[in-house]
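Peer 1: Next input, structure requested:
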Amino acid sequence: MNKNTLIQKLNAYERLMRLDKPIGILLLLWPTLWGLLLAGDGKLNLQVTCIFIAGVVLMRSAGCVMNDIADRDYDGHVERTKERPIVSGEVCVKEALLLAGGLSLIAFCFVCFLNNLTILLSIAALFLAATYPLTKRFLAIPQVYLGIAFGFGIPMAFAAIQNHIPLTAWWLLVANILWAIAYDTEYAMVDSDDDIKIGIQSSALFFGKYDVSAIMVCYIAMLGIFVYVGKLMAFGPVYFAGLVVTSSLVFWQYQMIKTRVKANCFKAFLTNNWIGFTLLLSMEAAYLMA
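Peer 2: Below you'll find the predicted structure:
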């Protein structure tokens with residue numbers, strides 16, 4: 001294999017793992033950091049945090065590869081995905097399977113430095129990542145399953161730090177499920193026409209003309225849980241001020257999606273990175289001001 005061919009192959013692997021589109025890594029990272037911060041009572045354990053960050057990058061990359069393997073017969077019929085590496089023939093299925101397996105194995109090696117409960121939970125996390133692509137075939141709202149998969153770092157974080165999973169972790173997981181339904185419905189609104197054509201399920205199709213309302217209900221319920229978590233943790237006013245800022249970001253999204261223009265829906269989806277980051281800052285500020 002010559003140098004140019006190698007570069008082209010590495011580029012294809014990069015796109016297959018979506019490393020060129022880091023928004024997915026961030027949407028997976030913020031909930032994990034929420035969990036690590038709360039489990040550590042406002043302090044991030046450096047070793048554990050590094051392991052989880054590596055795990056987020058590796059498993060999100062593996063999940064994208066698994067998704068493209070599962071969707072290889074569908075992606076060619078969707079405008080946004082028709083040039084993905086497996087569909088275009090740049091990467092064969094065997095290569096993709098080896099890549100997904102290798103990424104998952106490396107992630108598991110990192111997890112082995114943690115306690116037994118976290119190792120057991122990592123097996124469940126792998127199952128969620130591997131099976132999520134299949135849920136689009138039969139679940140009316142596969143985004144619920146996505147929210148569990150993307151938020152599973154929360155109970156794992158508590159398990160790694162405290163060796164048990166308190167009620168707060170489960171409330172945060174529910175909040176993340178609501179958040180995932182909201183942001184991935186915005187994402188699904190972009191592909192709704194293609195999804196109808198190829199028979200893929202999505203929350204955007206399920207909610208229909210009530211899609212914008214459903215997104216806002218999910219955001220409001222999510223913020224309500226964060227208010228409750230703040231009360232449970234006895235956080236001060238600075239935390240709740242952060243929730244007000246988060247609410248303004250949600251309202252900004254509403255302004256973008258209310259007309260259902262696809263380009264604006266995608267922009268709204270991307271701004272969820274700032275929602276996750278703002279919530280993390282609100283928690284950190286609450287501990288610093290305590």
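
Peer 1: which residues are in contact with stretch 150-165?
Peer 2: 27-28, 31-32, 34-36, 38-40, 45, 48, 51-52, 55-56, 114-115, 117-118, 121-122, 124-125, 128, 166, 168-170, 172-173, 176-177, 180 (CB atoms under 8 Å, 6 or more residues apart in numbering). Heads up, the C-betas are built off the backbone N, CA and C, glycines and all.

Peer 1: Can you tell me which of the residues you listed are buried?
Peer 2: 27-28, 31-32, 34-36, 38-40, 48, 51-52, 55-56, 114, 117-118, 121-122, 125, 128, 168-169, 172-173, 176-177, 180 (16 or more other CB atoms under 10 Å).

Peer 1: Next, count neighbours for L205.
Peer 2: 18 (other CB atoms under 10 Å).

Peer 1: After the helix or strand containing W170, heading C-terminal, what element do we hit next?
Peer 2: Per DSSP states H and E, W170 falls inside helix 167-198. Remark: after helix 167-198, the chain's next helix or strand is helix 203-207, criterion DSSP H and E.

Peer 1: what residues are up against W179?
Peer 2: By CB under 8 Å, 6+ apart, the residues touching W179 are 31, 147, 218-219, 222, 272, 275-276.

Peer 1: any idea how far it is from F226?
Peer 2: Remark: distance between W179 and F226 (CB to CB, to the nearest Å) = 10 Å.

Peer 1: quick one: V87 and V78 touch, right?
Peer 2: No: between V87 and V78 there is no contact under CB atoms under 8 Å: 9.4 Å.

Peer 1: tell me which residues of stretch 213-233 are tucked away?
Peer 2: 214-216, 218-219, 221-223, 225-226, 229-230, 233.

Peer 1: ok, and for stretch 195-210, which residues are buried?
Peer 2: Using 16+ other CB under 10 Å as the test for burial, stretch 195-210 gives 195, 200-207.

Peer 1: whoops, I mixed them up, stretch 283-290
Peer 2: 283-287.

Peer 1: Tell me which entries of those residues lie within helices.
Peer 2: 283-287 (DSSP state H).

Peer 1: Include pLDDT and distance to Y132 when you put those residues into TSV, please.
Peer 2: TSV is the format used below for those (pLDDT from 0 to 100; distance: CB to CB, whole Å):
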residue	pLDDT	distance to Y132
M283	98	27
E284	97	30
A285	97	33
A286	97	32
Y287	97	33
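
Peer 1: now those residues in TSV, with distance to F110?
Peer 2: What follows is these, written out as TSV (distance: CB to CB, whole Å):
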residue	distance to F110
M283	24
E284	24
A285	30
A286	29
Y287	26
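
Peer 1: ok, of those residues, which one's closest to G101?
Peer 2: Top of the list for closeness to G101, among these and by CB to CB, is M283 at 35.3 Å.

Peer 1: and the spatially closest residue to the closest one that is not a sequence neighbour, what element?
Peer 2: In this structure, M283 finds its nearest non-sequential neighbour in L37, 5.4 Å apart by CB to CB, 6 or more residues apart in numbering. Following DSSP H and E, one finds L37 within helix 23-39.

Peer 1: and the next element down the chain from that helix?
Peer 2: Downstream of helix 23-39, the next assigned helix or strand under DSSP H and E is helix 46-70.

Peer 1: Please save the CA atoms from the following helix or strand past that following helix in PDB.
Peer 2: Going down the chain from helix 46-70, the next helix or strand is helix 85-88, by DSSP H and E. Extracted in PDB, the C-alpha atoms of helix 85-88 (Å, rounded to 0.1, in the frame of the first residue of the first chain):
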ATOM      1  CA  PRO A  85     -17.400   5.000   3.600                       C
ATOM      2  CA  ILE A  86     -19.100   1.600   3.600                       C
ATOM      3  CA  VAL A  87     -21.800   2.700   1.100                       C
ATOM      4  CA  SER A  88     -19.200   4.300  -1.200                       C
END
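
Peer 1: who does helix 85-88 touch, helix- and strand-wise?
Peer 2: helix 3-16, helix 46-70 (3 or more CB pairs under 8 Å, 6 or more residues apart in numbering; DSSP states H and E).

Peer 1: Adding mean pLDDT and distance to C92, write these out as a markdown table.
Peer 2: Shown next, in a markdown table, are these (pLDDT from 0 to 100; distance: least, CB to CB, whole Å):
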| stretch | mean pLDDT | distance to C92 |
| --- | --- | --- |
| helix 3-16 | 88 | 10 |
| helix 46-70 | 96 | 10 |
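
Peer 1: which residues does the nearest residue to V229 once chain neighbours are set aside contact?
Peer 2: Nearest residue to V229, sequence neighbours excluded (CB to CB, 6+ apart): W171, at 5.6 Å. Applying CB under 8 Å, 6+ apart, we find W171 in contact with 225, 228-229, 232.
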